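> need a structure here:
(2 chains)
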Number of protein chains: 2
Amino acid sequence: MKLSTGPYKGARDFYPKDKRIQKYMFAVMRKVVESYGYEEYDAPILEPIELYLSKSSAEIVTQQTYTFEDRGGRKVTIRPEMTPTVSRMVAARRQELSYPLRWYSIPNVWRYERPQHGRLREHWQLNVDIFGVQNIAAEVEVLQIANGILKAFGATEDMYEIRINSRVALGDAIKLAVPLTSVVEVIRIVDMFEKMSRDEFIAAISKHLKYPDKLLNYLHSAIPTDEISKIISACSLLGIKVEYVPSIARGFDYYTDIVFEVFDRHKDNNRSMFGGGRYDNLIGQFNVEPLPTVGFGMGDVTLQYFLELHNLLPQLDSATDAVVILASSETLAAQKVIKRLRANGLNLSVDITERKMDKQIKAADKSGIRFVIIIGDRELSDGRYVLKDLSTGKSNMLTIEEITSMFKKNKEAKN
Amino acid sequence: MKLSTGPYKGARDFYPKDKRIQKYMFAVMRKVVESYGYEEYDAPILEPIELYLSKSSAEIVTQQTYTFEDRGGRKVTIRPEMTPTVSRMVAARRQELSYPLRWYSIPNVWRYERPQHGRLREHWQLNVDIFGVQNIAAEVEVLQIANGILKAFGATEDMYEIRINSRVALGDAIKLAVPLTSVVEVIRIVDMFEKMSRDEFIAAISKHLKYPDKLLNYLHSAIPTDEISKIISACSLLGIKVEYVPSIARGFDYYTDIVFEVFDRHKDNNRSMFGGGRYDNLIGQFNVEPLPTVGFGMGDVTLQYFLELHNLLPQLDSATDAVVILASSETLAAQKVIKRLRANGLNLSVDITERKMDKQIKAADKSGIRFVIIIGDRELSDGRYVLKDLSTGKSNMLTIEEITSMFKKNKEAKN
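Now for the predicted structure:
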């Protein structure tokens, strides 16, 4: 049988070039969220299925999770999202923790769905949550962070739009239109309002409402609640533009009021990239005192697509500074030079294949690493080594100190 | 039903304090392996079960993996180790990649076994592999890295011992003792030689060998092969002590010759911490040209236990530099100060709860963050802010620049 060399369907292999992009994205995320005092946590990728049954949307748990029985007969689920897990962890130490509690994580999460552009079965998702703040300063901070991350990637305001809504206000409007089914079901349709034509929407909503026109009018002409107005103006003072869009609802049932989404404004990708909101009731489900919470999740697949589309990904070089070619039989003396360069902070890949020098240089060229350092007998006696820039073909004879300071300068110029 | 707040059995929640330790360990690992020119890769945690059936030990696949059928009827396994995955990825790009290829990854891997001290169901494992080198320079480099990581954590040579053996030589010795079962089965028993009493070992081995004494003599008096002697002396020149132990075999069947293990020498934990070896036949199983490979895996659970036991874990502070307490109604002016401090590289957690100041300071104290910055009306008009060190109780009035340089100096002093 021939073994496949591809990754599992809908998931990705990260070759070093791909991993560099992911590491860059995660580093930017970490830098911004940590500047707001958020601390990183983590948890196992497996959770008991019960954790999701009461919290996530039913569709996700029953149709889209990876759920199975472990060898001990426990029903377990590969986490489809992080919010139930973080709620569990906070509930476990409800009394000991200090509030406001600011936590973040960048877990991988799994959903069984048909892979399509921008939606894969496995993706990584930055989760940012603030626990213990009842007032809108929590929403404002979380919006500031979401905006701050996009800005840190070099995005400008014309590239994206932040949209906000109140689930409570939307729920009230739905009640006035007299729902024939559950409000949750209606909310799910309303959430697609922006993606549907007027006729499609009316057709979809009419089955669920006694007075669909009432809701339609609301979605066209609603004015923001006091709270939303306050959030929008607080954000505005901080230089962040937030739009009120009365149909925004988000997919998860656990949001209790304010929800927001960040939309890509690129004409080829006019859609929601990520979002979040307030969920004040999750921690309480673990039989501990409830805790007001606001958070958001930002997925790596949609983010990377956004960065590529708007040309925001920088050139990311290998972490390896140079390939070292040994052209001397004085192995030990050469190793001492390499050791000193490494101690000076250089990342060096030594060609230890014992093949001919021209083959070694060819391999270095193929590896994508820009510099080659040649250590031969003459070099060892002179204390000066050949540093060859493969991008220009130029060579220089330099001391260990000169080589070190050149790489240091190059790195500083990049940061 | 009461939902449990604990993690899945045999796996760990990482609260920020735990995550800090993990991040520290991973950062040290990355620094050392990247200094040797290794690049990071990654892959999905799910793989088709076939990937393991031909490679890992049969016991692991059939009894210890998390294997299930996905919603599309595919048999999938949560990876119990990374070597089959990295072999798959290299095989997929066998022609395009440049050799020697140096790759590393720090994946989480899962095994269904009874959790015990130092062995959990989920752990993270640094995987370091060099592909395309047939000569012993590969073994020497990998041993150098394993040793370099322990040194980077501050370990000294009296704390651990590196042991090496040749599976080929061991296999030959077993053949001379005439195996009654498979050589692989005998190797598995030999691997436990150091843990068993002489009588236990003889009892175990006698069922499998016609001449058990021959093997026993070999294990007591074997002399290293030429290759092993060369590796030991090359390591010795680099200042690394390596011991020849003729019973070392490692658990995986895919090793083709040299294997090594690193033992903890602490009297309370006298056992194998991690290891690796040469596996030249895995890539070829994907119907591509074979590729000589040497690698090792280092697990986070055993490593952390080693660091704790030998008192090598440094004090790891929160990434948050200070809690900011707003004592002014000039929110916008205060926000500008905070923004400048963040732009200067400070990580600041702002108390946005609107509770009384003494409660805010109490919460800051409970959070474990050492400094508090108070921004009140007088501070805003003076341009000097209260910086309070909660560890000493002392306060100072400082400008933004003074606060910034104090934190910079503190951080530099730590590195």
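
> What segments of the stretch 1-150 of chain A are strands?
Under the criterion DSSP state E, counting those that start in this stretch, the stretch 1-150 of chain A contains strands at A:39-40, A:46-48, A:66-69, A:75-78, A:101-105, A:108-110, A:122-131.

> Please convert the ones you listed to CSV, extending it with mean neighbour count and distance to B:Arg384.
All C-beta atoms are positioned from the backbone trio N, CA, C, and that covers glycine. As requested, these are arranged in CSV below (neighbours: other C-beta atoms under 10 Å in any protein chain shown; distance: least, C-beta to C-beta, whole Å):
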stretch, mean neighbour count, distance to B:Arg384
strand A:39-40, 21, 29
strand A:46-48, 21, 49
strand A:66-69, 17, 56
strand A:75-78, 20, 53
strand A:101-105, 23, 27
strand A:108-110, 20, 46
strand A:122-131, 23, 29
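
> Just the local confidence number for A:Arg188, please.
Per-residue pLDDT puts A:Arg188 at 86.

> ok now do A:Pro107, which residues does it touch?
A:Asp42, A:Ala43, A:Ile45, A:Arg79, A:Met82, A:Thr85, A:Trp124, A:Gln125, A:Asn127 (C-beta atoms under 8 Å, 6 or more residues apart in numbering or on different chains).

> Would you agree the second one is in contact with B:Asp18?
By that I understand A:Ala43. No: using C-beta atoms under 8 Å, A:Ala43 is not in contact with B:Asp18, being 10.3 Å away.

> Now list whatever residues contact both of these two.
In contact with both A:Ala43 and B:Asp18: B:Arg12, using C-beta under 8 Å, 6+ apart.

> Pick out whichever of these two has more residues nearby.
A:Ala43 (23 against 14; other C-beta atoms under 10 Å in any protein chain shown).

> and A:Asp389, how many neighbours does it have?
14.

> before we move on, what about A:Glu289?
Applying other C-beta under 10 Å, we find 9 residues neighbouring A:Glu289.

> near chain B too, which of the contacts of A:Pro107?
A:Asp42, A:Ala43, A:Ile45 (C-beta under 8 Å from any C-beta of the partner chain).

> quick one: which of those is nearest to chain B?
A:Asp42 (3.8 Å; C-beta to the nearest C-beta).

> Which one of the ones next to chain B among the contacts of A:Pro107 is nearest to A:Pro292?
A:Ala43 (21.6 Å; C-beta to C-beta).

> ok, that closest one - contacts?
Residues counted as contacts of A:Ala43 (C-beta under 8 Å, 6+ apart) are A:Arg79, A:Met82, A:Thr85, A:Val86, A:Arg88, A:Met89, A:Ser105, A:Pro107, B:Pro7, B:Arg12, B:Asp13, B:Phe14.

> you'd agree the fourth one is up against A:Tyr41?
Just to be clear, that refers to A:Val86. Yes: distance between A:Val86 and A:Tyr41: 7.1 Å, which falls inside the contact criterion (C-beta under 8 Å).

> hey, what's in contact with both of these two?
Common neighbours of A:Val86 and A:Tyr41 (C-beta under 8 Å, 6+ apart) are A:Trp103, A:Ser105.

> Just send the contacts of A:Pro107 back as JSON lines, with distance to B:Lys411 too.
JSON lines is the format used below for those (distance: C-beta to C-beta, whole Å):
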{"residue": "A:Asp42", "distance to B:Lys411": "24"}
{"residue": "A:Ala43", "distance to B:Lys411": "29"}
{"residue": "A:Ile45", "distance to B:Lys411": "33"}
{"residue": "A:Arg79", "distance to B:Lys411": "34"}
{"residue": "A:Met82", "distance to B:Lys411": "30"}
{"residue": "A:Thr85", "distance to B:Lys411": "31"}
{"residue": "A:Trp124", "distance to B:Lys411": "28"}
{"residue": "A:Gln125", "distance to B:Lys411": "30"}
{"residue": "A:Asn127", "distance to B:Lys411": "27"}
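
> wait, which of these is closest to B:Ser391?
Taking C-beta to C-beta as the measure, A:Asp42 is the one of the contacts of A:Pro107 closest to B:Ser391, at 27.7 Å.

> how deep is that closest one tucked in, by neighbour count?
22.

> which residues sit in contact with it?
A:Ser105, A:Pro107, B:Asp13, B:Phe14, B:Lys19, B:Gln22.

> So what pairs up with it in the strands?
Assessed by DSSP bridges, A:Asp42 has beta-bridge partners B:Phe14.

> if we can go back for a sec, of the contacts of A:Asp42, just say which sits nearest to A:Phe407.
Taking the contacts of A:Asp42 together and measuring to A:Phe407 by C-beta to C-beta, the closest member is B:Gln22, at 29.4 Å.

> State the number of residues packed around that closest one.
When neighbours are counted by other C-beta under 10 Å, B:Gln22 comes out with 17.
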